[in-house]
Structures are given as structure tokens and as C-alpha cells.
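K.L.:
Next comes the sequence, and after it the predicted model I'd like to discuss.
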Amino acid sequence: MAIGEPLDAQIIEVASWQPYEQVADQFCCGRAILVGDSAHTMPPFKVGGANCAIQSAHNLAWKLAAVLQETAGPGLLATYHAERHPVGRFAARQSLTGPTVTMLELNEDRPRLPAGEECSMFQLLIGYRYHSAAVVTDQPAMDPDEVQQVDELCGQPGTRVPHLWITQGGQRTSTLDLLGPGFTLLTGDERWRGATAAASQALGVPIATRCLRDEAWFAVTGLAPEGALLVRPDDIVGLRCRELPDDPIGILRQALSRILCR
């Protein structure tokens, strides 16, 4: 036994094991909210269960805090199901296959993934896009049960902020390390600072502003230097502005109000 102690373990019973997938119909029902194995169970072949559970907790934690602190409307909690349920179903399906499946002696009647449906590990772990009231986007509405997969992260609304090594303050740092526990605005233009301060004061929601001067950032995101990404506390892009709008204060206030369901 790989537990670090020479224990005299006694095997009492041996049971067979078969993989299966099961996802709850609803992740939210009144005051009850499901996370982790209570929301979805799946085979461990692609470690989808643990990763999916951690991501769901990250998605839910800031929303619960915002509602309890009365900086967000109760409708924000409904976006947890809207965002995570499709991902949970997707992860459970994808976990029916993987490199370890052929190493196990499984019954032929086990659940299987249809040929051609398997996605990349990137898409399984972070290559998807949320569609909910907590994301500002001009994309048409999608089937709420479907997951929109993306081939790369470039600052699309509803996706995780792309990781990129940049030079900030003379030091090499990851763009992910620029994000704080609250909302963060990533931009290359100092003029956004006044807008974020005004919107923050008006709505009572702290917003950190980080100015990036690295050309690699603009190349990856496709943003102009005066553009910006408003990032949620769970590292998801909530708003994308390719350039500086005529009324940045109004845009930020409107976006935050929508994201927070106020």
C-alpha cells in the first residue's frame, strides 16, 4: 500500500467496478446547489471529475459571495447552472474514453463515446466558452445544453483569460498572475483607469486595473492597445472592448450591472 506506513491491511471484500457517467438535471434548486460528485460522476480516465469540480467551485464561490454581500442580484446564482451544467455533461461524456481504457478489462456493455466525438485535452479542460447572463457578448444564443468549444484562448467573452508570458515592471510574469480576487481590467491604455474608478465607485464593486505594454498580448488577443478585457473573479472574460469606446464609464457600468444581474 502506497501510504507511507507499513500497515498490515486485511482485504475483506473485492468488488468489480464498471465506469459510468451520471449528471444531475439541475445544479441549482432553491437554496440547494450541487458541486463536484453530487453534480456529476464520471470515469477517471481523463481526470475530468476533479478538474470539473474545481472549476465549478471556482465559478460558484465568487457568485455566492457577491449575492451574500449584496453586490449582485440573486439571478447571478442561476448562471452557475447555465455555465457549468453543459460543461459537466460534456466532461462526463468525454471521460468515457482515454489512454487508460485499453489497459482495463471492462465489460463490452460499458458506456462508450461514439467515434469521432472525442475532443482534445485542451478543449476538455479549458477550451470552452460560457454563454449566460453573466457574460457580455454579441454572439447569438446557443442551445443551453451544448458546449461551444474553442481551438484557442484569445480573450473571447466567456472564455478563460489566455496565459501568456509577458514582461511587466521589468519582470517576466504570467498574465494570469495579474488577476486579483475580484474584477480586473486588462488594458494597454491608462485612460481606462479613470473609467474603472468611476464605475467601481458607482456600483460599489472593486475593479483592479492592470496596464500591459507587451506586444505579444495584443497579438494574442487581437486587441488594440487602447482596448480592454474585463475579467471576472473566476478568470473568465466578462466583457471585451477591442478599442476604447466613446463612453467607457457607461460601458463598464452597464457591463458590470449585467454580469452581476443587478
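P.N.:
Nice, thanks for sending it over.
K.L.:
List phi and psi for the closest residue to residue 190 other than its chain neighbours.
P.N.:
In space, and not counting its chain neighbours, residue 190 is closest to residue 211: 5.9 Å by Cβ to Cβ, 6 or more residues apart in numbering. All C-beta atoms are positioned from the backbone trio N, CA, C, and that covers glycine. With angles defined as degrees, to the nearest 10, residue 211 sits at phi -90, psi 120.
K.L.:
ok, residue 211 touching residue 185?
P.N.:
No. Checked against Cβ atoms under 8 Å, the pair residue 211 and residue 185 is beyond contact range at 9.3 Å.
K.L.:
Which one's more surrounded, the two?
P.N.:
Higher neighbour count among residue 211 and residue 185: residue 185, with 23 against 16, using other Cβ atoms under 10 Å.
K.L.:
how close does that one sit to residue 137?
P.N.:
As judged by Cβ to Cβ, to the nearest Å, residue 185 and residue 137 stand 17 Å apart.
K.L.:
Equivalent analysis for residue 181, please.
P.N.:
In terms of Cβ to Cβ, residue 181 sits 24 Å off from residue 137.
K.L.:
who's more crowded, those two?
P.N.:
Between residue 181 and residue 137, counting by other Cβ under 10 Å, residue 137 is the more crowded of the two (17 against 11).
K.L.:
what sits against the more buried one?
P.N.:
Listed by Cβ atoms under 8 Å, 6 or more residues apart in numbering, the contact partners of residue 137 are 131, 157-158, 240.
K.L.:
10 Å instead, please
P.N.:
Contacts for residue 137 (Cβ atoms under 10 Å, 6 or more residues apart in numbering) come out as 129-131, 156-158, 237-240.
K.L.:
next one: residue 247
P.N.:
Contacts for residue 247 (Cβ under 10 Å, 6+ apart) come out as 195, 253-254.
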